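Colleague: When you get a sec, could you give me coordinates for this:
(2 chains)
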Protein chains: 2
Amino acid sequence: MASPVRGRAGGPGRRPLDRAKDQAITAAVVDVLARLGHSGFTMDEVALAAGVGKAAIYRRWSSKTDLLVSYTEGSIEGTLDLADTGSLRTDLVALLGSAAAHFNGPAGRANRALLSAVHDDPVLAAAYHAGPVAQWGDAFRQVFDRAVRRGEICPDAASSVAGEAGAAILVQRWLLHGAHIDEALVADVVDDVVLPLLRDRGHP
Amino acid sequence: MASPVRGRAGGPGRRPLDRAKDQAITAAVVDVLARLGHSGFTMDEVALAAGVGKAAIYRRWSSKTDLLVSYTEGSIEGTLDLADTGSLRTDLVALLGSAAAHFNGPAGRANRALLSAVHDDPVLAAAYHAGPVAQWGDAFRQVFDRAVRRGEICPDAASSVAGEAGAAILVQRWLLHGAHIDEALVADVVDDVVLPLLRDRGHP
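Modeller: Below is the predicted model of the structure:
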């Protein structure tokens, strides 16, 4: 995760020592969620993993919920590769490859742990939908919109349910199978699923 | 869920009163998981929801883990519609429609709650993979194999990653979005994703 937790005191004017603590706490949130799951997530564990006192955490976030919501909203910020590579195929390989790196790592395990609590907690659900779910959808829309502007696919292809297929296969492998997602799978998903679906609809 | 929890004493020779208790306990497992999640799942809550004493549960399953594993393995048995309707399209609408009914209901919420604990618990993970994950994959293989025998698609189409796309879109909506899955989505997934992918590969 590239960007730190969006705390109440995380602005650019912060002292270097405070920014280092922000980053240590963010890393600790990932570590505790990935190791202990949502049910094992406590401020004590976060303080221990971050090597800071609990007071340092409470100065930034008023409660465990506040910390979790703040982390959740920004949990995939900066993880998805959205560089314009000049073609739909290479854009998709870059985007799905960066998603795979997230799913395979500790932040992916933390994300899966968060998700286990999302459907029973309206506050966390709102943060999860406003953060990672929205950003996941937006990333594909950006890549598809560029392909439409390049004339590679038609607008209706990008907005149909077919546009969900590639992302969904990775998510199913990650959430249902708990599987490691490798480069070969990413290439197969791009070449055997996303491109045939969108190009066929784009050029009937 | 059509079949009861596979307990140590669930055979056909059981007395009607015992079978009624088996079924009450299975229904209570679904209810407690769906309402309280995996972290709230206790033998006390199951006994309360089933209207039986805890001793009745422990006579059938030696521990909470034993009960959860037994339930998990059989948790989607009988839920998926695998009737041979004569065509790939109508087979897929029936199969995905029955999956949607599961995802949308209390057993789907129970399944999602189980899944939250699966990746951190090797015993539960083994049961989840041997049960629902394997049955979910087998169901699509059955439907695709029938379509291959009818000459509707080629064998390589059915075994490629493209065969995962339809199932994955439903799973992503269910697990990531927490969304209700309606008949219109099932039809779109069949007509805009699965059939174009498999028929195009089948008839190049």
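Colleague: Off-centre distance for stretch A:33-51?
Modeller: Averaging C-alpha positions (Cα atoms, centre = their mean, to the nearest Å) puts stretch A:33-51 20 Å from its chain's average.
Colleague: Identify all contacting residues around it.
Modeller: With contacts defined as Cβ atoms under 8 Å, 6 or more residues apart in numbering or on different chains, stretch A:33-51 is touched by A:21, A:24-25, A:27-29, A:31-32, A:53-54, A:56-58, A:64, A:67-68, A:106-107, A:109-110, A:113-114, A:116-117, B:38-39, B:116-117, B:120. Just so you know, the C-beta spots here come from the backbone N, C-alpha and C atoms, and that holds for glycine as well.
Colleague: hmm, try it at 6 Å
Modeller: Contacts of stretch A:33-51 with the rest of the structure, by Cβ atoms under 6 Å, 6 or more residues apart in numbering or on different chains, involve A:24-25, A:28, A:31-32, A:54, A:57, A:64, A:106, A:109-110, A:113, A:116-117, B:39, B:120.
Colleague: now swap in stretch A:153-162 and tell me
Modeller: Contacts to stretch A:153-162, defined as Cβ under 6 Å, 6+ apart, come from residues A:144, A:147, A:148, A:197, A:198, A:201, A:202, B:188, B:192, B:193.
Colleague: List the buried residues in that stretch.
Modeller: Of all the residues in stretch A:153-162, those buried under the rule 16 or more other Cβ atoms under 10 Å in any protein chain shown are A:153, A:154, A:157, A:158, A:160, A:161, A:162.
Colleague: same check, this time on stretch A:120-127
Modeller: Neighbour-count burial for stretch A:120-127 flags A:120, A:121, A:124, A:125, A:127 (criterion: 16+ other Cβ under 10 Å).
Colleague: Run through these and flag the ones next to chain B.
Modeller: Under the cut-off given by Cβ under 6 Å from any Cβ of the partner chain, chain B has residue A:120 from the buried residues of stretch A:120-127 close to it.
Colleague: TSV for the buried residues of stretch A:120-127, including secondary structure and distance to residue A:94?
Modeller: Below are these laid out as TSV (DSSP: H, G, I helix; E, B strand; the rest coil; distance: Cβ to Cβ, whole Å):
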residue	secondary structure	distance to residue A:94
A:120	coil	35
A:121	coil	33
A:124	helix	30
A:125	helix	30
A:127	helix	27
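Colleague: For chain B, state which of the buried residues of stretch A:120-127 is nearest.
Modeller: Using Cβ to the nearest Cβ, residue A:120 is the member of those that sits closest to chain B, with 5.7 Å.
Colleague: Run through the residues of chain A sitting next to chain B.
Modeller: Counting by Cβ under 6 Å from any Cβ, the residues of chain A close to chain B are A:37, A:39, A:116, A:119-120, A:160-162, A:164-165, A:168-169, A:171-172, A:175-176, A:178, A:188, A:192-193.
Colleague: Tell me which two of the contacts of stretch A:33-51 sit farthest apart.
Modeller: Using Cβ to Cβ, the contacts of stretch A:33-51 span at most 27.4 Å, a distance reached by A:24 and B:39.
Colleague: Would you enumerate the residues in contact with the closest residue to chain B within chain A?
Modeller: Closest residue of chain A to chain B, Cβ to the nearest Cβ: residue A:116 (2.8 Å). For residue A:116, the contacting residues are A:38, B:116, by Cβ under 6 Å, 6+ apart.
Colleague: roughly how far apart are it and residue B:35?
Modeller: Counting by Cβ to Cβ, to the nearest Å, the gap between residue A:116 and residue B:35 amounts to 15 Å.
Colleague: the helices in chain A, which residues?
Modeller: Secondary structure of chain A (DSSP state H): helices at A:16-36, A:43-50, A:54-60, A:64-73, A:88-104, A:106-118, A:122-128, A:134-149, A:155-159, A:165-175, A:183-189, A:195-202.
Colleague: and which of the contacts of stretch A:33-51 is nearest to residue B:100?
Modeller: Nearest to residue B:100 out of the contacts of stretch A:33-51 is residue A:116 (Cβ to Cβ; 21.8 Å).
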